[in-house]
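In: let me see the structure of the following:
(one chain, ligands or ions: 1)
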Amino acid sequence: MKRLIYLSKARPSLHGDALYDLLAAARDHNRRAAITGLLIQQDQFCLQVIEGDEAAVRGSFARIRRDWRHENCHVIFHDDVPGRLFPGWPLAYRAGRDLERGQVRQLADIVECATRLADKPADSDRWAMDVYLRALLDSFSALTVQ
Ligand SMILES: Cc1cc2nc3c(=O)[nH]c(=O)nc-3n(C[C@H](O)[C@H](O)[C@H](O)COP(=O)(O)O)c2cc1C
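Out: Residues are numbered from 1 along each chain as shown. From the prediction side, this is the model:
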């Protein structure tokens, strides 16, 4: 089982009906490919968690990263994991306005850390990214209760 997490910058058109249509199509596809995960959109940033079989995750991300509706897509986590964080959720979605204050801060920390890592990879930032990601994902653990 693989988990891939990426950050990207959404194009302004990614809201309203366009977003609704994207989520419906993505959930349909993810269900068929046994992919689960989460998409968070805060300000112009997207953070998506994709989990499933290695080939399914790879194939899905290859399509997603080419999508014109966002840009600057870069991976901040990609590793083997023992299980799913979002079982039963083909693609959970959280808009910025639905996030708690702590989650908004964690996301800002992640974006800042990703910028530093892209600029000059340092172990301290890799470690910090791990901590920030764990904190953010833990805060969504209620989603995993079926
Ligand atoms: C931020 C974002 C997240 C997306 N997440 C998914 C996803 O989880 N699963 C999926 O199938 N498509 C997702 N898409 C849509 C894909 O990029 C793509 O448009 C869709 O899979 C259809 O691809 P196709 O036209 O090549 O069949 C996402 C797009 C964006 C912009």
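
In: so what strands line up beside the longest strand along the chain?
Out: Longest strand in the chain by number of residues (criterion: DSSP state E): strand 70-80. In the sheet, strand 70-80 lines up against strand 2-10 (antiparallel) (DSSP bridges).

In: any chance you could map the helices in the chain?
Out: Using DSSP state H, the helices assigned to the chain run over residues 16-32, 54-65, 101-119, 123-138.

In: as JSON lines, these with distance to the ligand and mean neighbour count would be great.
Out: C-betas here are computed from N, CA, C, even on glycine. JSON lines is the format used below for those (distance: least, Cβ to the nearest ligand atom, whole Å; neighbours: other Cβ atoms under 10 Å):
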{"stretch": "helix 16-32", "distance to the ligand": "3", "mean neighbour count": "13"}
{"stretch": "helix 54-65", "distance to the ligand": "4", "mean neighbour count": "15"}
{"stretch": "helix 101-119", "distance to the ligand": "15", "mean neighbour count": "16"}
{"stretch": "helix 123-138", "distance to the ligand": "16", "mean neighbour count": "15"}
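
In: where does pLDDT dip in this structure?
Out: 144-146 (pLDDT under 70).

In: find the residue at the geometric middle of it.
Out: Gln48 (1.3 Å; Cα atoms, centre = their mean).

In: touching, it and Ile35? I think so.
Out: No: counting by Cβ atoms under 8 Å, Gln48 stays clear of Ile35, with 10.7 Å between them.

In: picking up where we left off before, ok, which of the helices of the chain comes nearest Ser8?
Out: Ser8 sits nearest to helix 54-65 of all those, at 8.0 Å, using Cβ to Cβ.

In: and the contacts of that closest one?
Out: 2-4, 6, 8, 29-30, 33-35, 48, 50-52, 73, 75 (Cβ atoms under 8 Å, 6 or more residues apart in numbering).

In: identify the farthest-apart pair in those residues.
Out: Ser8 and Ala34 (23.2 Å).

In: of those two, which one has the most company?
Out: Ser8 (21 against 12; other Cβ atoms under 10 Å).
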